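Undergrad: Sequence first, then the predicted structure:
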Amino acid sequence: MEIGALRNVQSAAIQQAANQKTVNGDGAFDSIFATAMNMLNETNQLQNTAESLEIQFLLGEAENTHDLQIAQRKATTALDYTIAVRDKVLDAYNNIMNMQM
């Protein structure tokens, strides 16, 4: 995978990590890894929020199905995005491992 492909991503955090310039290149991986961990934490938080709203709705504590649908859609979109990024990272890793020296 070419690193230039990351520039088309709409996430500001990933764009910032991809555009970050370091003098000797030591901090680039750290910043991208930290961004990935933040993305995972955000996805987890959205999943937990959607599950909490679903439980409240099922118990009759909440009646607004619109908020429940929005939370579920956000959680699904975040999970799909996280899985797509994971797949691209695994493809890049496999390409690197198959390179001939």
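TA: Structure's in. What do you need?

Undergrad: make it CA atoms for all contacts and neighbour counts henceforth
TA: Fine.

Undergrad: Give me the distance between residue 67 and residue 57.
TA: 10 Å (Cα to Cα, to the nearest Å).

Undergrad: and if you look at residue 96?
TA: Following Cα to Cα, the distance that separates residue 96 from residue 57 is 47 Å.

Undergrad: Residues touching stretch 77-86, excluding its own?
TA: 39-40, 43, 46 (Cα atoms under 8 Å, 6 or more residues apart in numbering).

Undergrad: who has more neighbours, residue 96 and residue 57?
TA: Between residue 96 and residue 57, residue 57 has the larger neighbour count (other Cα atoms under 10 Å), namely 15 against 11.

Undergrad: check which helix or strand covers residue 86.
TA: Assigned by DSSP states H and E, residue 86 belongs to helix 65-97.

Undergrad: Enumerate the positions of that helix that are buried.
TA: For helix 65-97, burial by neighbour count (16 or more other Cα atoms under 10 Å) applies to 68, 71-72, 74-76, 78-79, 82, 88.
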